[in-house]
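Participant: Give me a model of this one.
(one chain, ligands or ions: 1)
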Amino acid sequence: MSEKPAPWSREEFEQKLRDKEAMYHINHPFHKLMHAGKLSQKQVQGWVANRFYYQTAIPIKDAAIMANCDDASVRKHWVQRILDHDGYENEEGGIEAWLQLGEAVGLTRAELESHEHVLPGVRFAIDAYVNFARRASWQEAAGSSLTELFAPKIHKARLDNWPDLYPWIDESGYRYFRKRLNEARRDVEHGLQITLDYCDTREKQQRAVDLLQFKLDILWTMLDAMWMAYIENRPPYCMDVEVTK
Ligand SMILES: O=C(O)c1cc(C(=O)O)c2c(n1)C(=O)C(=O)c1cc(C(=O)O)[nH]c1-2
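Facilitator: Next comes the predicted model:
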């Protein structure tokens, strides 16, 4: 019988997770066009409307993680993620900030909230993330949120470049990205500690790397669906075609 491989050191394991940045959606052709200022207003609207479904799913996903977590010291921190998106007391959350982004790109709140523009592929991908979080152990589900390791760079690039590339976007739309810069950094610090502590065997470490890939695939698949509809203009979900429902 072959020996089980020894666990990677904490540093090696963290590096394996960080190496996954190569597969982050920042490298997707849709994102590349968006960052190069090549999208029309309609195409930006398509992205914002589809991403809104992700925004609304994130706190539901985090509530599922908390529901499976029997460690109050973890829940005490994790609950902040829900508050960040839903808001609390007089503090507006990320969902409200994303609605303001929607308005800043020319969509109405009603259009966003109805999810009428959400493409089937985007919906399936996001639902897969939420359903995974419902069924997985809280430690594995927590680890899958680590794509956020790579998110501050993408938020910062939007803040730096979009005002020049898309001058028609109202300044009020940028609150979401500004807000996420710090929140994402704090979240990954906590998420990374959980994952590094929990994965004390090579098997668990490999599973965490695979689950991070699963999450990357979700983000990538969302953009594949948007590419088909908004770049290839492939019916029936492209914007130029009247869809009879
Ligand atoms: O704009 C982006 O590229 C991006 C990516 C991700 C991500 O990597 O999952 C998140 C966010 N934004 C984000 O704003 C956010 O709140 C968020 C939460 C999570 C998560 O998995 O819990 N990912 C992300």
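Participant: what mean pLDDT does the longest helix belonging to the chain have?
Facilitator: Across the chain, the longest stretch assigned as helix under DSSP state H is helix 41-67. Regarding helix 41-67, the rounded mean pLDDT is 98.
Participant: Would that helix count as contacting the ligand?
Facilitator: Yes. Shown here: helix 41-67 in contact with the ligand (CB under 6 Å from any ligand atom) through Ile58. (Glycine included, C-beta is placed from N, CA and C.)
Participant: just use 56 as the starting number from now, easier for me
Facilitator: New numbering, starting at 56: the last item is helix 96-122.
Participant: Can you list the buried residues in that helix?
Facilitator: The neighbour-count check on helix 96-122 (16 or more other CB atoms under 10 Å) flags 98-114, 116-121 as buried.
Participant: again with stretch 215-229
Facilitator: So, applying 16+ other CB under 10 Å, buried residues of stretch 215-229: 217, 220-221, 224, 228-229.
Participant: what distance separates the helix or strand hosting Phe187 from the middle of the whole chain?
Facilitator: Using DSSP states H and E, Phe187 sits within helix 175-190. Distance, stretch centre to chain centre, for helix 175-190: 12 Å (CA atoms, centre = their mean, to the nearest Å).
Participant: and if you look at stretch 241-257?
Facilitator: 18 Å.
Participant: mean confidence for it?
Facilitator: Per-residue scores along stretch 241-257 average to 96.
Participant: Residues in contact with that stretch: which ones?
Facilitator: Applying CB atoms under 8 Å, 6 or more residues apart in numbering, the set of residues contacting stretch 241-257 from outside is 59-63, 65, 68-69, 72, 129, 132-133, 135-136, 194, 197-198, 200-201, 203-204, 259-260, 262-263.
Participant: So which of these sit within helices?
Facilitator: Reading helices off the contacts of stretch 241-257 with DSSP H, I get 65, 68-69, 72, 129, 132-133, 135-136, 194, 197-198, 259-260, 262-263.
Participant: The ligand: which of the residues you listed is nearest?
Facilitator: Of all the ones in helices among the contacts of stretch 241-257, the ligand sits closest to Arg136, with 6.6 Å by CB to the nearest ligand atom.
Participant: Burial check on that closest one, number of neighbours?
Facilitator: 24 (other CB atoms under 10 Å).
Participant: which non-adjacent residue is nearest it?
Facilitator: Asp117 (4.6 Å; CB to CB, 6 or more residues apart in numbering).
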